[in-house]
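> any chance you could fold what I've pasted below:
(one chain, ligands or ions: 1)
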Amino acid sequence: MCGIVGYIGQKQAYPILLEGLKRLEYRGYDSAGVALQQDHEGRLAVIKAKGRIADLEAMTAGRDLSGTLGIAHTRWATHGAPNDVNAHPHADMSGKLAVVHNGIIENWSALRQLLEQEGVKFRSETDTEVLAHLFARAYKGDLEKAVQEGLREVRGAYGIAVIHADRPDVLVAARNGSPLIIGVGEGEYIVASDASAIIEHTTNVIYLEDREMATLRRDGLRTSTVDAIPTHKEVQQVEWSLEQIEKKCYPHFMLKEIMEQAESLSDSMRGRLDAETGEVVLGGVRDVSKQLTHARRVILTACGTAWHAGLVGEYLFEDIARVQTEVDYASEFRYRNPIIDEGTIVIAISQSGETADTLAAVREAKLKGALCLGIVNVVGSTIARETDAGVYLHCGPEIGVASTKAFTSQLVVLIMTSMYLGRRRHLAPYHAREIIKGLQAVPDLVRHVLKLNDAIRDVAARYKDCPNWLYLGRGYNYPVALEGALKLKEISYVHAEGLPAAEMKHGPIALITEGMPVVFLANKGLQYDKVLSNMEEVRSRGGHIIAVATEGDKEVARLAKHVVSVPDVPEPFQPILNVVPLQLLAYHVAVMRGCAVDKPRNLAKSVTVE
Ligand code: M6R
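Sure thing, here's the model as predicted:
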C-alpha cells in the first residue's frame, strides 16, 4: 500500500526521503514522488513519476535538491490510473503547498465539484488533490490551522504530510484510519507510514491516533486532535533493528523470511512456555484471563493468510481449549451485523496490525461489547493498540509481500493461546506438558524441512509452466492447502485452488487433466486413509501428485509422482511443518517464471483501505 516519508531537521532531506521510500518499497507501489522546500528559492521542488523509485532517482540526477524539509510518497493507485500526474505529492494551484496521502477520501467527488465551482483547476484524477486545494484555501499563514480547517470538511481515511513553501520551519502530519509514525531525533523528525523508514535514524517514535495531528518544528513538536484539542504523547521504542529489515545474502526477502522460520518460531515461543509445569505465560492477556476462562464462544477474524491461520485456530480452539469457535473474514464480519453475546471473545489476527477490514472488525466487535484480543506482529500498530489485550507474534519484521514467517508464528501463537484457555478450563497439566514439549521441538523440525529446498526447487522446475494447480488437505491441513494455493497465486500469477480434499468430488474433480499438478497434504493422522482415497481418484484421472507426507510413508510414495517427506508430528503441529515446502514451491515457481517475488503485481503488503 502507499508509503509516506517526511523529514524536517538540519540534514539534507532528499537522501533521507529517498532511502525511506526504498525501505517502504516492499509495501507495493506503482509511482513515487518527492516535494522539497528549497530554502534559497522560497518554493517547492516537486518531482514525481510512474514506475520504480530507481526511475525517480534517475530523473533527479544532477538536479539541485538541497533542502532540509520535504515529503515523499510511494503510490498504489486507488483513484486514477498509475501515471506521472496522479503520483504524489499533489500541490495546490500556486504550487506552494504540497501533500502526500495514504488512504481514501470518501467525499472527494463532492469536494472536488465544490472546489471547481470556486474556480480551482484540478490536474489529477486523485482524491488526494482535493486535500491540497482545501488546505490552500484555508491557509492564512498558519499551516497547522489550514490543515485543521481543511480536514474538518473531509470524510474518509488519511495519513498525510503537508509542507508549504512559505513555511520552511513546519511539517504538518495527521492521521485517521491510516497509520502514521513520527521518529523523534535530535533537532529532527521523520514522519513515516511504517517504522522501517525510520529505524535507520532513530528507534524513538510517537504513534499518532485516529483524528490526531502533529506540527513538527526543528525545535519541538505539538500534537492535537484535528479539532485542535491538545494531546499528550509518550515517546516509545521500536523493537526492530536495521539488520532485521535488510535482505542479507538472500536474493529476496521472501526467501530470507522462509529460511529464518526456525528462529522466528523460537522467538514467538521465547519465555512463554514452561515444560515443567505445563503453563503458558502470555503477559498480554493476563488482565483478561478471567473472561477467557469463562468464554463461551470464540470468533477468529482476519484477512488473507491470517484468515488461513484463523482456520487452523478453529481446530486448535475446539480441540485444545474445547470452546465453540468460528472463523470469519474480517470484511464479512464487519458488515454482517454479527451476533455477539456476553461470553463471546473476538480474536483479530493480523501481521501488520493495520489491515483496514480487520481493524473495522475489531471496532464492530468492541461496539457490540465483545472482549477483543489481537494476535499481531507489529508492536504499536493500530490493531495492537485498539484491542483490549493480545499476544504479539514477535517474529520480526516481515517485508516480503507474501506472508510466510508471520503465518507459522500465528499458528504457534494460536496453539499457545488455545492452551492458555485450555489450562483454565479442562486441559490437564500432564497433557499440557506433552503439547509444550512437542511444540518446543518444532523449530528444529522446521530447520530439517528447510533442508529440502533443493528437492523442492526440482519439483518447481518440473511444473513451473503448468497453468492450473490444485491443493488438497483435510482437517488441520485443509487451511494449509488454501495457504499453499494463495502463495502460488500471489507471487507467480498461476491459477491455483485450495480445497478440503473431500470437496474435490463435488465439482473440482472435473478440472483434473493429464499432468495437472495436484498438491496433497497427506501426513499420517485421523483422515489419512481418506486422503489416500482422494489421491487414488486424482491419479486415476492423470493428475500428477506432489505429496507432503510423513517420513517413511510407502503408501503415499506409491501414489505420488513426488514426495516431500516431513517429520512425524501430532496433527496440531502439522500445518507448521507442511506449509514450509509449499512456501518454497511457490517461491521457486515464481523465480523461474521471472516474477517480482517481493513485489508482486497489484499487491500491497498491508491493505489499509477497503
Ligand atoms: O497484515 P495482515 O496479516 O492483516 O494482512 C492480511 C492479508 O492482507 C495478508 O495475509 C495477505 O493475504 C498476504 N499477501 C498473503 O501472503
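> C-alpha only now, for contacts and for neighbours.
Fine.
> can you pull out the low-pLDDT segments for the protein?
For the chain, applying pLDDT under 70 flags the ranges 1, 39-42.
> what residues does it have near the ligand?
Residues of the chain lying near the ligand by Cα under 6 Å from any ligand atom: 303-306, 350-353, 355, 401-403, 605-607.
> ok, and the most crowded of the residues you listed?
Within the residues of the chain next to the ligand, neighbour counts (other Cα atoms under 10 Å) peak at Ser350, which reaches 32 neighbours.
> hang on, the earlier thing: looking at the residues of the chain next to the ligand, which are in strands?
Among the residues of the chain next to the ligand, the ones falling in strands (DSSP state E) are Ser350.
> against the ligand, how distant is Ile245?
16 Å (Cα to the nearest ligand atom, to the nearest Å).
> again but with Ala461, I slipped
For Ala461 relative to the ligand (Cα to the nearest ligand atom), the value is 22 Å.
> likewise for Ile182?
21 Å.
> contacts only, for that residue.
Ile182 sits next to 189-192, 205-208 when contact means Cα atoms under 8 Å, 6 or more residues apart in numbering.
> what's the answer for Lys145, then?
Lys145 sits next to 138-139 when contact means Cα under 8 Å, 6+ apart.
> for it, helix, strand, or coil?
Assigned by DSSP: H, G, I helix; E, B strand; the rest coil, the conformation of Lys145 is helix.
> kindly report the same for Val378.
Under three-state DSSP, the three-state class of Val378 is coil.
> repeat for Ala549
Following three-state DSSP, the label given to Ala549 is strand.
> tell me the bridge partners for it.
Under DSSP bridges, the beta-bridge partners of Ala549 are Ala522, Ser565.
> hang on, the earlier thing: among the residues of the chain next to the ligand, which ones are in helices?
Judged by DSSP state H, the subset of these located in helices is 304-306.
> so where does Arg332 fall, helix or strand?
One correction, residue 332 is Glu, not Arg. helix 330-333 (DSSP states H and E).
> how many neighbours does Trp339 have?
Rather than Trp, residue 339 is Ile. There are 9 residues near Ile339, going by other Cα under 10 Å.
> doesn't it lie inside a strand?
No: counting by three-state DSSP, one finds Ile339 to be coil, located in no strand.
> neighbouring contacts of the helix holding Glu332?
For helix 330-333, the surrounding residues in contact (Cα under 8 Å, 6+ apart) are 301-303, 357-358, 360-361.
> for Gly283, what are its contacts?
Listed by Cα under 8 Å, 6+ apart, the contact set of Gly283 reads Val391.
> now do the closest residue to Arg334 other than its chain neighbours against the ligand, distance only.
Excluding the flanking residues, the one nearest Arg334 by Cα to Cα, 6 or more residues apart in numbering is Ala361, at 4.6 Å. Separation of Ala361 from the ligand (Cα to the nearest ligand atom): 11 Å.
> three-state assignment of Ala361?
Counting by three-state DSSP, the backbone at Ala361 sits in helix.
> buried residues in stretch 286-306?
Buried positions in stretch 286-306, judged by neighbour count with 16 or more other Cα atoms under 10 Å: 289, 291-303, 305-306.
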